[in-house]
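Trainee: predicted coordinates and the sequence they were generated for:
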Amino acid sequence: MKNIIPPVKGTRDFYPQQMAIRVWLYNIIRQVSESFGYQEWDAPFLESLELYAAKSNEEMVKEQSYVFEDRGGKLITLRPELTPSLARMVAQKQNVLVFPLRWWSFGPFWRYERPQKGRTREFFQWNVDLLGPDSPEADAENVAVLATFFKTVGLTPKEVLIMVSDRCLLDAQLSAFDIPAESRAAVSAWIDQRDKLSAEAWRAKASELGLSDEQLSQIEAMLADKELWKNSAELIRFFKAIETLGLSDYVRFDAGIVRGFTYYTGTVFEAWEVGGDIRRSILGGGRYDKLLADVGGDRLPAVGYAMGDVVITLMLEKYGLLPKDLKVSPAPVLVTVFDHERLLESYALASELRRTGLSVTCYPEPAKLPKQFKFADRMGIRLVTVVGPDEAAAGKVTLKDLARGKQVTVAREKAAEAIRQALAKVLAS
RNA sequence: GUGGCUGUAGCUCAAUCGGCAGAGCACUUGACUGUGGAUCAAGGUGUUGCGGGUUCAAGCCCCGUCAGCCACCCCA
């Protein structure tokens, strides 16, 4: 690598091999989303900075967003998340859209962070949102989409769990512990950090926040209480609905789930690897009933989540769930060029075959046959045609199946049919 | 923004105490003048990330810098 300009830090190059995986993931996401009746949509990749101001996590806007001034002097942001755009677009057409609204999206996002395992500066996110209803059953349906995704890709509850809590429940508990409303946000953030800090460091921060020893032990008891959800009428309904949907295995209550975004108002959830070494949430989401009003629309209840492609791909790779031998060559047929004089004859044959609906690659220049066969082999092209002087004189085409190592010579009019038959043959392996 | 580790051929890596730049894979060409994978032969494989310093001598030691990876912060 001499004078090659390096890629931008934190970006990924999608060579055909990686692109095939990305498309594979996209297809599963689409299939799962649409099986619940969600519609695909997308927002601009560029938004104005003020869309995110005070709506998202403050650090994300101030330090992790790509912001630049356009030629007109306006501050433009490369979208770091999708939800504010969703709120904006729904608010714009609130009287036109049909509710309940189910929308899903898969596209690129940018955050200026230090790249590391499972994190890049440019990444893709799957967003699934349900707007209109404010019921726990709606939350359950939204969570069901993602549990169904896990099931579809082959991740079991032994490998991944969706941890659920409710900010209202947390707030009520903190209130019951006599923690004043103005410090609850900081206390919530501190609770969110519990898995990341050592027990000593975490407890030490409690006194910094002005918590008494009694309050600390009350909070620790709360976090350990697996039955706390039974104090919440909403969570009782939520888990009942999850059970009815047949997905209880994937969903657990955890009072320690808080989430960083300030716009969440009720149910919050994250998916985590079970006891594994991926110390990072696979996805996160929750209810955000006030966001639409915050961007200037009428109040509209909403619930949704976002899953990044980087961590989920790590998970799938770790558990051997990524597809092997993804097809990277779209055309299963190579038309070889026998010599310089027959180049255009090959083009003509390839064109004939394409008109019958086949995908066909034609070697673009005369070359030795071994070279062309090797090309086909390395590209994963299964069938090769040869038209040399013998075939041309007899009006025939030789067709070799590289996978089976067998070849036949057929009349040129029958070539397309013979190719279809050969492709239909299942390999012994 | 903070800390740690690592930079050698296209890729994965080796090089003893500081003493002449190495292996495998891949690539190109040829054994195969109408047939891929396998085997064999011949070959480019190179500013040792970059800049400076110490030394008779630096891939190796020192300083700086850049890049990558990993952890923290935060998050998907």
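Mentor: Here it is on my side, so go on.

Trainee: CA only for contacts and neighbour counts going forward, please
Mentor: Will do.

Trainee: what mean pLDDT does stretch A:124-134 get?
Mentor: On average, the pLDDT along stretch A:124-134 is 95.

Trainee: now it, how far from the chain's geometric center?
Mentor: Distance, stretch centre to chain centre, for stretch A:124-134: 13 Å (CA atoms, centre = their mean, to the nearest Å).

Trainee: one more: stretch A:120-128?
Mentor: 6 Å.

Trainee: leaving out sequence neighbours, find the closest residue to A:Leu211.
Mentor: A:Ile179 (7.9 Å; CA to CA, 6 or more residues apart in numbering).

Trainee: number of residues surrounding the one you found?
Mentor: A:Ile179 is flanked by 18 other residues according to other CA atoms under 10 Å.

Trainee: how's chain A carved up into domains?
Mentor: As given by automatic domain parsing, the domain ranges for chain A are A:16-318, A:333-424.

Trainee: did I read that right, A:Ser207 in a helix?
Mentor: Yes. Applying DSSP: H, G, I helix; E, B strand; the rest coil, one finds A:Ser207 inside a helix.

Trainee: I'd say A:Leu86 and A:Pro44 touch.
Mentor: No. Using CA atoms under 8 Å as the test, A:Leu86 is too far from A:Pro44 to be in contact (10.2 Å).

Trainee: give me the more crowded residue out of these two.
Mentor: The neighbour comparison of A:Leu86 against A:Pro44 (other CA under 10 Å) goes to A:Leu86, with 19 against 10.

Trainee: list the contacts for the more buried one?
Mentor: Neighbouring residues of A:Leu86 by CA atoms under 8 Å, 6 or more residues apart in numbering: A:Ala43.

Trainee: and it, how close does it get to RNA strand B?
Mentor: Distance of A:Leu86 to RNA strand B, given as CA to the nearest atom of the strand, to the nearest Å: 14 Å.

Trainee: secondary structure class for that residue?
Mentor: helix.

Trainee: buried set for the helix or strand harbouring A:Glu182?
Mentor: Under the criterion of DSSP states H and E, A:Glu182 resides in helix A:181-192. By 16 or more other CA atoms under 10 Å, the buried positions in helix A:181-192 come out as A:184, A:187-188, A:190-192.

Trainee: contacts for the longest helix seen in chain A, please.
Mentor: Looking across chain A with DSSP state H, the single longest helix is helix A:16-35. For helix A:16-35, the surrounding residues in contact (CA under 8 Å, 6+ apart) are A:39-40, A:104, A:106, A:126, A:128, A:145, A:148-149, A:152-153, A:322-323, A:326-328.

Trainee: tell me where the stretch 1-150 of chain A has strands.
Mentor: A:39-40, A:46-48, A:66-69, A:75-78, A:101-110, A:122-131 (DSSP state E, counting those that start in this stretch).

Trainee: need those strands in JSON lines (columns: distance to A:Asp254).
Mentor: Formatted as JSON lines, those follow (distance: least, CA to CA, whole Å):
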{"stretch": "strand A:39-40", "distance to A:Asp254": "31"}
{"stretch": "strand A:46-48", "distance to A:Asp254": "35"}
{"stretch": "strand A:66-69", "distance to A:Asp254": "34"}
{"stretch": "strand A:75-78", "distance to A:Asp254": "33"}
{"stretch": "strand A:101-110", "distance to A:Asp254": "26"}
{"stretch": "strand A:122-131", "distance to A:Asp254": "22"}
